[in-house]
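coordinates only, sequence not included:
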DNA sequence: GTCTATATCTCGATAGAC
DNA sequence: GTCTATCGAGATATAGAC
């Protein structure tokens, strides 16, 4: 065990996804993490703080995977595909984290986050949408709508792929093809 | 008050969406419903049964809105649009129910449902997808994938419209237009 | 069927030794 | 920082009168 705090977060993630926030007492989290009950409250002053911290940590992790290399000379579509595929692969390779996010954002804990935390940090993708509209590549729609549609799309595909347990090659096919489906939806 | 059982369900829906399953004690539900604590447990033997019953009731309600009149001579696309629009309007006019469904299916309570309950009753829409594929109107993809994509799409649009608080005419525009977006995605 | 009253239990959080 | 021990609050569910 490298770090008890990390270990607590790991245990909490696993148990919350299995049993929900309600169904997971802090005592069980401590046990699963291999630490004492009191130790948990040394790192997180309340259960709620633990839940919210976990969300922030996971979201940070996801954002890190969606960074585009600067000075990229590829086309707008290729840039978007890169980000899309990164996000999708993350959702597929991190099923538990993915399910946690889903659970969290559908719960009232979402409102405990500072509004600035909720708002999309990753404005790079929003910039790309705007650029696409300006260059008449993407349909002229409200940016927020496009963003919502693309996010839902990603959610749907992740869910489908996670359910199906496909082989790696088949999986990559779907990922790639699903981008084209999404693209046909938003492209002019 | 017509029916205490209905009143309990109504109160539970409101409070669960506001405070989550965890944050809503049965005592509060009883109070909000205007009945005694014991009465709640007369109708629902456990809190969990109440939660699951509420989901089933709401799902039934939604399904009822998605029925297509028989003997419809309209085209496949028009039939699908009718169902799509009905579902979307339901999600927009019943924000609370919509949020409850979202919360429920992201929670571990989903697993408490009998598998047959989870599975899509409304196979009419699945039949339409299959028919569309056979007639080479819709892309040849796994039915489950199409279904997942359309569902996510509906979710996304509902969420967007609910957030934006649009005027009625604007709202209808988006509903109609979003169908076309979805159609471009799945149509050949 | 509906109520009041309450039993029983578990959980979140704290206190204090080490 | 980490542990053990425990308090007090509040939860679900029941018992029993009406």
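It's in. On a predicted model such as this, the values are computed, not experimentally measured, just so you know. Numbers count the residues shown, from 1 in each chain, chains lettered A, B, ... in the order given.

name the SS class of residue A:155, please.
helix (DSSP: H, G, I helix; E, B strand; the rest coil).

so which bits of chain A are right by DNA strand D?
Within chain A, the positions adjacent to DNA strand D are A:4, A:34-39, A:42-43 by C-beta under 7 Å from any atom of the strand. The C-beta positions use only the backbone N, C-alpha and C, and glycine is treated the same way.

chain A: helices as residue ranges?
Along chain A, counting by DSSP state H, helices occupy A:4-19, A:26-33, A:37-43, A:47-65, A:76-93, A:95-105, A:115-118, A:123-134, A:143-164, A:168-186.

can you list contacts of the shortest one?
Meaning helix A:115-118. Residues from elsewhere that reach helix A:115-118, judged by C-beta atoms under 8 Å, 6 or more residues apart in numbering or on different chains: A:56, A:110.

returning to what we had before: residue B:152: which of the helices of chain A is closest?
Residue B:152 lies closest, by C-beta to C-beta, to one member of these: helix A:143-164, at 3.0 Å.

between the closest one and helix A:76-93, how big is the angle?
40 degrees (axes from the mean of the first three to the mean of the last three C-alpha atoms, to 10 degrees).

can you list the residues of chain A near DNA strand C?
By C-beta under 7 Å from any atom of the strand, the residues of chain A that approach DNA strand C are A:24-27, A:37-38, A:41, A:45-48.

on that earlier part again, the residues of chain A next to DNA strand D: which two are farthest apart?
Maximum pairwise distance in these, criterion C-beta to C-beta, is 14.7 Å, between A:34 and A:42.

contact partners for residue A:25?
Neighbour list for residue A:25: empty [criterion: C-beta under 8 Å, 6+ apart].

thinking again about what came up before, quick one: which of the residues of chain A next to DNA strand D has the most company?
residue A:35 (19 neighbours; other C-beta atoms under 10 Å in any protein chain shown).

residue in chain A nearest to DNA strand D?
Using C-beta to the nearest atom of the strand, the single residue of chain A nearest to DNA strand D is residue A:38, 2.7 Å away.

contact partners for that residue?
So residue A:38 contacts nothing (C-beta under 8 Å, 6+ apart).

next one, pLDDT for it please.
pLDDT recorded at residue A:38 is 98.

quick check: it vs chain B, distance?
Computed as C-beta to the nearest C-beta, to the nearest Å, the residue A:38 to chain B distance reads 22 Å.

quick one: that residue from residue B:145, how far?
Residue A:38 sits 48 Å away from residue B:145, going by C-beta to C-beta, to the nearest Å.

do residue A:75 as well
Separation of residue A:75 from residue B:145 (C-beta to C-beta): 27 Å.

comparing the two, which shows the higher neighbour count?
residue B:145 (21 against 10).

so what's that one closest to, chain neighbours aside?
Using C-beta to C-beta, 6 or more residues apart in numbering or on different chains and skipping the chain neighbours, the partner closest in space to residue B:145 is residue A:160 (5.4 Å).

same check, this time on residue A:175
Spatially, and ignoring its direct neighbours in sequence, residue A:175 is nearest to residue A:88 (5.3 Å; C-beta to C-beta, 6+ apart).

and the one you found, what pLDDT?
The model reports residue A:88 with a pLDDT of 97.

do the same with residue A:122
62.

next: residue A:2.
81.

the closest residue to residue A:176 other than its chain neighbours: neighbour count?
Nearest residue to residue A:176, sequence neighbours excluded (C-beta to C-beta, 6+ apart): residue A:85, at 7.3 Å. Number of residues near residue A:85 (other C-beta under 10 Å) recorded here: 16.
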